[in-house]
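Undergrad: Got a sequence here, can you model it:
(4 chains)
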There are 2 protein chains.
Amino acid sequence: MASLLDIAVTEFNQRGYDATSMEHLSRAAGITKSSFYHHISGKEALLRAALERALDGLFAVLREPGALAGTPLEQLRYVVGRQVEVLMAELPYVTLLLRVRGNTETERWALDRRRAFDAAVAAMVRAAMAAGEVRDDVNPAHAARLLSGLVNSIVEWYHPDRPGHADLPDELVRIAFEGLLPRP
Amino acid sequence: MASLLDIAVTEFNQRGYDATSMEHLSRAAGITKSSFYHHISGKEALLRAALERALDGLFAVLREPGALAGTPLEQLRYVVGRQVEVLMAELPYVTLLLRVRGNTETERWALDRRRAFDAAVAAMVRAAMAAGEVRDDVNPAHAARLLSGLVNSIVEWYHPDRPGHADLPDELVRIAFEGLLPRP
DNA sequence: GTCTATAATCAGATAGAC
DNA sequence: GTCTATCTGATTATAGAC
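TA: Residues are numbered from 1 along each chain as shown, chains lettered A, B, ... in the order given. You can find the predicted model right below:
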């Protein structure tokens, strides 16, 4: 049986957080709004719990051995691949995180933590470029932003139930680092 | 003086469409809510006008000579570069388009047209792959999705007023097709 | 074109019975 | 734990004076 958090996150992602009412959530859970309130303190608490789960999953990647050992490029490739895996494993939570706009204190907190994660990846891109392992004819800040954007865009179309997605982390790393052109 | 549409789109992008009230819009325009209603028929009409502008800009690219002549790869590179330029030129409108969730008839109409645009680009990716001009060791559908995601992710961080963004279309095309690794 | 005032509806949240 | 009933405030939209 799906938890109330799972149900809420599914609804939030379908309609958008602001467009989803407590009535929507309670109906999706099969109980009344009042009963729903017996279990959770409010709409924003649900949002906070979901965003925490997404952020915890992403930050954990940065502490894994593969993110800390090897050349700067090896570390970067590892983190990008794992980031895709976390995104796929925690899809609804990461999706919600990526759509936060900063309207409330909770949303601004999540945006701050997300920016910190992106900054860590950006530092790895700069380190790899300084080591000559990443091309230096593009703005490093742009390269980092585009890399993050490429990874995050997966939430817009990935569905866990569809087949043929097992290779996705590897495909993404290949395209990100080697590009769409055929190898020479 | 900014038009009411410009003002509304700015507000929609800041807070999200659903979280933005007519009160927000009229205050941003410097008039009362009632006066605002004198000029426009409702919130959704504003959304529709904005989404139309974004979609018209994107579809126009597909009809330009550069999108119709040359090898499949040349056509694809042209369209991707021009897509970035349109995104930069019509930033607020395209941003709004990319955040539509499908809650109303207007939003579903926009989603349909957007999917048609993406399908046209995906067809160009497949054509380039069939011609041996794009690597064939990735799923063509994934390659097309990732390419679109890469381009669209720019709306999350691009600001027209910041310097150093003139090369962005070219940088993006380089990264998309040649990847982040240094050239051999 | 702009305003004040207000209608009609819906939101998040609570009280209290069972 | 779940329910009906309700509160309070915000939201879209309109009426009608100036």
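Undergrad: Centre-most residue in chain A?
TA: Centroid check for chain A by C-alpha atoms, centre = their mean gives A:V94 as the closest residue, at 3.9 Å.
Undergrad: Who are the contact partners of that one?
TA: Contact analysis of A:V94 by C-beta atoms under 8 Å, 6 or more residues apart in numbering or on different chains lists A:A54, A:G57, A:L58, A:V86, A:L87, A:V155. All C-beta spots, glycine's among them, are computed from the backbone N, C-alpha and C.
Undergrad: One more: A:P92?
TA: Counting by C-beta under 8 Å, 6+ apart, A:P92 touches A:D6, A:V9, A:T10, A:N13, A:A50.
Undergrad: With secondary structure and distance to chain B as extra columns, can I get the residues you listed in CSV?
TA: Output for the contacts of A:P92, formatted as CSV (DSSP: H, G, I helix; E, B strand; the rest coil; distance: C-beta to the nearest C-beta, whole Å):
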residue, secondary structure, distance to chain B
A:D6, helix, 19
A:V9, helix, 14
A:T10, helix, 13
A:N13, helix, 9
A:A50, helix, 17
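Undergrad: just the residues you listed now: which is nearest A:E178?
TA: Of all the contacts of A:P92, A:E178 sits closest to A:N13, with 31.9 Å by C-beta to C-beta.
Undergrad: now the closest one: how far from B:L98?
TA: 15 Å (C-beta to C-beta, to the nearest Å).
Undergrad: got the buried residues for the helix or strand A:L51 falls within?
TA: When secondary structure is defined by DSSP states H and E, A:L51 falls within helix A:43-62. For helix A:43-62, burial by neighbour count (16 or more other C-beta atoms under 10 Å in any protein chain shown) applies to A:43, A:46-55, A:57-58, A:61-62.
Undergrad: for the next helix or strand after it, the distance to its chain's centre please.
TA: Next helix or strand after helix A:43-62 toward the C-terminus (DSSP H and E): helix A:72-89. Put simply, helix A:72-89 sits 11 Å off its chain's centre (C-alpha atoms, centre = their mean, to the nearest Å).
Undergrad: again with stretch A:151-164
TA: Using C-alpha atoms, centre = their mean, the offset of stretch A:151-164 from its chain centre is 12 Å.
Undergrad: Check which residues of that stretch are buried.
TA: A:V151, A:N152, A:S153, A:I154, A:V155, A:Y158.
Undergrad: Same check on stretch A:109-118?
TA: Buried, per 16+ other C-beta under 10 Å, within stretch A:109-118: A:W109, A:A110, A:R113, A:R114, A:F117, A:D118.
Undergrad: Check stretch A:135-155 too.
TA: A:135, A:138, A:140, A:142-155.
Undergrad: Tell me how far A:A130 lies from B:A8.
TA: 44 Å.
Undergrad: So these two - more neighbours on which side?
TA: Counted by other C-beta atoms under 10 Å in any protein chain shown, A:A130 and B:A8 do not tie: B:A8 has more neighbours, with 29 against 12.
Undergrad: Next, the contact list for the nearest residue to that one once chain neighbours are set aside, please.
TA: Closest residue to B:A8 apart from its sequence neighbours, by C-beta to C-beta, 6 or more residues apart in numbering or on different chains: B:L46 at 4.5 Å. When contacts are counted by C-beta under 8 Å, 6+ apart, B:L46 is found next to B:L4, B:L5, B:A8, B:V9, B:F12, B:L25, B:I40.
Undergrad: Recalculate using a threshold of 7 Å.
TA: By C-beta atoms under 7 Å, 6 or more residues apart in numbering or on different chains, B:L46 lies in contact with B:L5, B:A8, B:I40.
Undergrad: From what I see, the last one and B:L4 are in contact.
TA: Spelled out, it's B:I40. Yes: counting by C-beta atoms under 7 Å, B:L4 is a contact partner of B:I40 at 6.3 Å.
Undergrad: following the longest helix seen in chain A, which helix or strand comes up?
TA: Longest helix of chain A, by residue count under DSSP state H: helix A:105-130. Proceeding N to C from helix A:105-130, the next assigned helix or strand is helix A:140-152, under DSSP H and E.
Undergrad: So, low pLDDT: which residues of chain A?
TA: Scanning chain A with the threshold set as pLDDT under 70 gives A:1.
Undergrad: Kindly report the residues of it close to DNA strand D.
TA: With the criterion set to C-beta under 7 Å from any atom of the strand, chain A comes near DNA strand D through A:I31, A:T32, A:K33, A:S34, A:S35, A:H38, A:H39.
Undergrad: Excluding sequence neighbours, find me the nearest residue to the fifth one.
TA: Counting by C-beta to C-beta, 6+ apart, A:S35 lies nearest to A:S26, which is 6.8 Å off, once chain neighbours are set aside.
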